[in-house]
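> Pasting a predicted model and its sequence here:
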Amino acid sequence: MFFWKKKEKDSKLKNKKLQKPRLQTKPGNSGGPLIDSSGAMIGINTAIYSSSGGSNGIGFAIPVDSVVSSVSDLLEHGRVLRPILGIALAPEQASDTLGVKGILVLDARKGGPAAEAGIRGTTRDKFGRVVFGDVIRRFEGKVVRSPNDLYRALEKAAIGQEVELGVLRDGVDKEVSVKVKLAASSSL
């Protein structure tokens, strides 16, 4: 077991994918519980980043809420299920370089929920010039600025739920309703 004394500013960690304990994580702790000073399990120790390859470095843990959700899916379906839009997104750095304010859609998979709703991916015209696809700027009315913002919003959505995406298309804001379909997540 691994114990962690929670501090006031640690409350920001609730919605993160990984928690960073302030204590040294030792080899063999991975997969074990991360316990706070009151004895409550708050995560699962996952990895150590160390420049030397030893146990002195930075330890990471998956928050318990993510673990509970994944375990429930595994017990019920035999795999982890997450809602998807069926799109490929430009990396945040590429969007920043291009001056895009939002999340640039590179591809909307044919037959996928986004394509069915009319979301457009990036293409080339007959002269080979790049024609930017839709730029996602809002998810259910909330601003999303990066792929990570969109992934966090999707985690809160239910499979099969219809969500409203605010997209920039050809320089004009246009609301598009997208039905999120069932998909299996390949990782926790």
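Received, thanks. Numbering: from 1, shown residues only.
> what's the helix or strand for Ile35?
Take DSSP states H and E as the rule and Ile35 turns out to sit in strand 33-36.
> again, but for Ala115
Using DSSP H and E, Ala115 maps to helix 113-117.
> all helices for the chain, in order.
Taking DSSP state H as the criterion, the chain carries its helices at 64-77, 92-98, 113-117, 147-156.
> Could you dump the ones you listed into CSV with distance to Lys126 added?
(Each C-beta comes from the backbone N, C-alpha and C, glycine too.) As requested, those are exported to CSV (distance: least, C-beta to C-beta, whole Å):
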stretch, distance to Lys126
helix 64-77, 45
helix 92-98, 22
helix 113-117, 22
helix 147-156, 30
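> ok so, going back, can you list the helices and strands that the strand holding Ile35 packs against?
Secondary-structure packing of strand 33-36 (3 or more C-beta pairs under 8 Å, 6 or more residues apart in numbering; DSSP states H and E): strand 2-4, strand 41-49.
> Tell me which of the helices of the chain sits most buried.
helix 113-117 (a mean of 21; mean count of other C-beta atoms under 10 Å).
> Could you list the residues in contact with that one?
84-87, 105, 108-109, 121, 165, 176-181 (C-beta atoms under 8 Å, 6 or more residues apart in numbering).
> Same check on stretch 101-108?
86-90, 94-95, 98, 114-115, 119-122, 132-137, 144-147, 149-150, 167-168.
> one more time with 6 Å, if that's ok
Contacts with stretch 101-108, where a contact means C-beta atoms under 6 Å, 6 or more residues apart in numbering, come from 87-90, 95, 114-115, 119, 121-122, 133-137, 147, 150.
> how far out from the middle of the chain is that stretch?
15 Å (C-alpha atoms, centre = their mean, to the nearest Å).
> pLDDT of it, averaged?
For stretch 101-108, the mean pLDDT works out to 94.
> mind giving me the domain split of this structure?
2-78, 82-184 (automatic domain parsing).
> roughly how far is the last one from the heart of the chain?
The reference is to domain 82-184. The answer for domain 82-184 is 14 Å, by C-alpha atoms, centre = their mean.
> in the protein, what residue sits furthest out from the centroid?
Distance from the C-alpha centroid of the chain, by C-alpha atoms, centre = their mean, peaks at Phe127 (35.6 Å).
> For that one, give me its contacts.
Phe127 sits next to no residue when contact means C-beta under 6 Å, 6+ apart.
> before we move on, back to that, now the weakest link among the domains of the chain, please, by mean pLDDT.
Among those, domain 2-78 carries the lowest mean pLDDT (a mean of 71).
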